[in-house]
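In: pasting a predicted model and its sequence here:
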Amino acid sequence: MTTAKQIIDDVRLRFKDTEKKMFTDNLALRCVNDAIECIVEDNGGLIETRTTNSVDGQMSYSLDTDIKSVEQVSYDGDVIDQMDYNEMIDEYVSDTEDVSEGTPEKYSVRMYGTSGLRYLFLYPVPSQSSKTIRIDAKIYYPTVTTATIDNAI
């Protein structure tokens, strides 16, 4: 496997810049990260599956910060439909004191709160705890830093 450091060293040799006069290490790292992002996107994105367990009466679940977009959600083994958050609230949650509970059939993703975190919302609100929520999502490829420059890409 190749490391970012090996790629940068190869580029420096090809450009005859072993003394680091043409471009800094920071610029080289930024270019490596940009290249990785382009390659990942050209190949449809990096998909990972994340799971969590339902909580009886809990509608929202925080998403990991490395998630770019949610591609599919399953609840207890069944794929559920995506729905726009505002439509979900307008159509199903007219009274926040009386939200339907049951087996979720719809999901939505939305930024929520002042911290800018993204959340997965399920409707109907789960009526059981410990059911598996499976989230197939595109994730950001981890940024190569000076601390990880020697790790395989």
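Out: Looks like it came in fine.
In: show me where the protein has strands.
Out: 46-53, 60-62, 67-75, 78-82, 101-102, 106-112, 117-123, 125-126, 132-139 (DSSP state E).
In: which one of these is the most hemmed in?
Out: strand 125-126 (a mean of 22; mean count of other C-beta atoms under 10 Å). (Each C-beta comes from the backbone N, C-alpha and C, glycine too.)
In: and that strand, what does it pack onto?
Out: strand 101-102 (3 or more C-beta pairs under 8 Å, 6 or more residues apart in numbering; DSSP states H and E).
In: nearest residue to Leu63 other than its sequence neighbours?
Out: In space, and not counting its chain neighbours, Leu63 is closest to Arg118: 4.6 Å by C-beta to C-beta, 6 or more residues apart in numbering.
In: gap between the most centrally placed residue in the chain and Ile135?
Out: Residue closest to the mean C-alpha point of the chain, counted by C-alpha atoms, centre = their mean, is Ile67 at 0.8 Å. Ile67 sits 8 Å away from Ile135, going by C-beta to C-beta, to the nearest Å.
In: what do you get for Asn86?
Out: According to C-beta to C-beta, Asn86 and Ile135 sit 21 Å apart.
In: hmm, back to that, could you list everything the residue nearest to Leu63 pairs with in the sheet?
Out: Met111 (DSSP bridges).
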